[in-house]
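A.B. asks: return atomic coordinates for the entry below.
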Amino acid sequence: MDNKWFLEESQLLKEQLVEWRRDFHKHPEIGMDLPRTSGIVAETLERIGYEVQTGIGVSGVVGVLHGDQQGSCVLARFDMDALPIHEQTGADYASVVEGAMHACGHDGHTAIGLGTASLLKKLQDKFFGSVKLVFQPGEEGFDGALSMIQDGVLESPEPDACVAMHLWNTEPVGWIGLTEGPVMAGAEKIRIEVHGRGGHGSAPELALDPVLAGANIVTAIQSIVSRSINPMESAVVSITSIHSGTTFNVIPPKLVMEGTIRTFDPKVRKLVLKRLKTVVQKTAEANGCRADLEVEQVSKPVYNSPGITRDIRQIVQNLLPDSSIDTDCKVMGSEDMAEFQARVPGAYIFVGSKNAEKGLDGAHHNPGFDFDEDVLPLGVGIMTSAVFNLLET
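C.D. replies: Predicted coordinates:
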């Protein structure tokens, strides 16, 4: 296929893409149960001509399209869920749902997914194998990918490759990030309970102060990355929540803190967890207290398979010959596309969506987040070209 076709056809869809995106943005849904969003997606895929399955992973939707002859299967994933944030953009299409907002671009991803479905349908007689479009709920911390996998999304047909994209508001429209190896960090949720002995604030010698112990633990934790991890490696350990006490003159018996760990490499992760346990427990003991540590893995690292990543990089370069593709783009954010890519070789593409001149440069997960809608047809062109050409190869 002529590369111009993908860009020209996707540009013709822009009005529809914007309409879809703004409708999803105005009516955000959080978590795993997305009845309105998934209903629109399923109805649209059926109308286009896909075999549609619903209720996969609570409200996930899968659309399958078979080419004229048997061949490989390529899975493309699009996340649909919003965030519990009160929107402050002032846009005409701002959320009408109190306390819910598309602050990460998933409304754009869903619109791009439907646009990709539309163009792939036009190419049905030109590819071998099958396309499996996966519209996923619960990406924002609800294990949506794993839930869909447990419901059989990787079966009948079984994908040979997978691809996903994320609009990226730290970079301008036209920028593409496509890196081999780990590109998004694995994430852990940590919870620390520090147990002491309560007492009167005026007589600290009679108490065992968990607040002092907790403060020292927070400080000591900062030494893990700076003094235990090779400077050429990457890791983050952040304490983000501390709760203790009920009034000004009482030393409480317990302090609870929570936070997160981010790593790319399994060996670094193992070392960070080992050092964290030692630092937390020994620092508490040094302050006369006891500490319990709980660690919950939230997501694995997103790992781009080198072969498929190189193939897609060439596909995107052919599609956008004047673009410069960033081959060293890694972020400490996490993504449960990692669950798909841990089972199926694949690639995760970052697509710049910022336009500072229009004021569309708010950070992800920010109440002022919004992106340049010029990226929507570009995203469709990239995803359609990537899926189609992977099927051809």
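A.B. asks: just the pLDDT for Phe78.
C.D. replies: Listed pLDDT for Phe78 reads 98.
A.B. asks: in a strand, it, correct?
C.D. replies: Yes - Phe78: assigned to a strand according to DSSP: H, G, I helix; E, B strand; the rest coil.
A.B. asks: and it, how close does it get to Val237?
C.D. replies: Going from Phe78 to Val237 by CB to CB, to the nearest Å gives 32 Å. C-beta coordinates here come from the backbone N, C-alpha and C atoms, glycine included.
A.B. asks: more crowded one of the two?
C.D. replies: Ranked by neighbour count (other CB atoms under 10 Å), Phe78 and Val237 place Phe78 first, with 25 against 22.
A.B. asks: what residue lies at the spatial centre of the chain?
C.D. replies: Glu335 (3.2 Å; CA atoms, centre = their mean).
A.B. asks: so what are the domain limits for the chain?
C.D. replies: 3-184+302-392, 186-299 (automatic domain parsing).
A.B. asks: which of these is buried the deepest?
C.D. replies: Scoring the domains of the chain by mean neighbour count under mean count of other CB atoms under 10 Å gives domain 3-184+302-392 as the most buried, with a mean of 20.
A.B. asks: what does the model give the nearest residue to Pro159 once chain neighbours are set aside for pLDDT?
C.D. replies: Counting by CB to CB, 6 or more residues apart in numbering, Leu75 is the residue found nearest to Pro159 once chain neighbours are left out, at 3.8 Å. Note for Leu75: predicted pLDDT of 98.
A.B. asks: partner residues bridging Leu75?
C.D. replies: Taking DSSP bridges as the rule, Leu75 bridges to Lys132, Cys162.
A.B. asks: numbering from 644 from now on, please.
C.D. replies: OK, 644 is where the count begins now, so the last one is Leu718.
A.B. asks: isn't it right next to Gln779, touching?
C.D. replies: No - counting by CB atoms under 8 Å, Leu718 does not reach Gln779; the two are 10.9 Å apart.
A.B. asks: follow-up on the earlier one: which residues touch the residue nearest to the centre of the chain?
C.D. replies: The contact partners of Glu978, by CB atoms under 8 Å, 6 or more residues apart in numbering, come to Glu782, His809, Met827, Ser942, Val945, Tyr991.
A.B. asks: pick out the most distant pair among those.
C.D. replies: The span of these, defined through CB to CB, is set by His809 and Ser942 at 13.9 Å.
A.B. asks: just the helices in the stretch 694-843 of the chain please.
C.D. replies: Counting by DSSP state H, counting those that start in this stretch, one finds helices in the stretch 694-843 of the chain at the ranges 749-765, 787-793.
A.B. asks: mind putting those helices in a markdown table, mean pLDDT and distance to Thr687 included?
C.D. replies: Compiled in a markdown table, these are given as follows (pLDDT from 0 to 100; distance: least, CB to CB, whole Å):
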| stretch | mean pLDDT | distance to Thr687 |
| --- | --- | --- |
| helix 749-765 | 98 | 5 |
| helix 787-793 | 98 | 19 |
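A.B. asks: now these as a markdown table including distance to Met875?
C.D. replies: As requested, these are exported to a markdown table (distance: least, CB to CB, whole Å):
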| stretch | distance to Met875 |
| --- | --- |
| helix 749-765 | 33 |
| helix 787-793 | 30 |
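A.B. asks: which of those sits closest to Ser702?
C.D. replies: For the helices of the stretch 694-843 of the chain, the distance to Ser702 is smallest for helix 787-793, at 9.0 Å, taking CB to CB.
A.B. asks: which other residues reach the closest one?
C.D. replies: Outside helix 787-793, the residues touching it (CB under 8 Å, 6+ apart) are 675, 699-701, 703, 720, 722, 724, 777, 779-782, 979-983, 986.
A.B. asks: for stretch 724-741, output the C-alpha coordinates as CSV.
C.D. replies: The C-alpha trace of stretch 724-741 is given here as CSV (Å, rounded to 0.1, in the frame of the first residue of the first chain):
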residue,chain,number,x,y,z
ASP,A,724,-11.1,4.4,31.1
ALA,A,725,-10.9,7.8,32.8
LEU,A,726,-9.6,9.1,36.1
PRO,A,727,-11.2,10.3,39.4
ILE,A,728,-10.2,14.0,38.8
HIS,A,729,-12.4,17.1,38.7
GLU,A,730,-11.8,18.7,35.3
GLN,A,731,-10.6,22.3,35.1
THR,A,732,-10.0,22.8,31.4
GLY,A,733,-13.0,25.0,30.6
ALA,A,734,-13.4,23.2,27.3
ASP,A,735,-16.8,23.1,25.6
TYR,A,736,-16.5,19.4,25.7
ALA,A,737,-15.5,19.2,29.4
SER,A,738,-16.7,16.4,31.6
VAL,A,739,-20.3,16.5,32.7
VAL,A,740,-19.6,13.8,35.3
GLU,A,741,-18.7,15.2,38.6
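A.B. asks: for it, what is the average pLDDT?
C.D. replies: Mean predicted lDDT for stretch 724-741 stands at 98.
A.B. asks: now stretch 1019-1034
C.D. replies: Averaged over stretch 1019-1034, pLDDT sits at 97.
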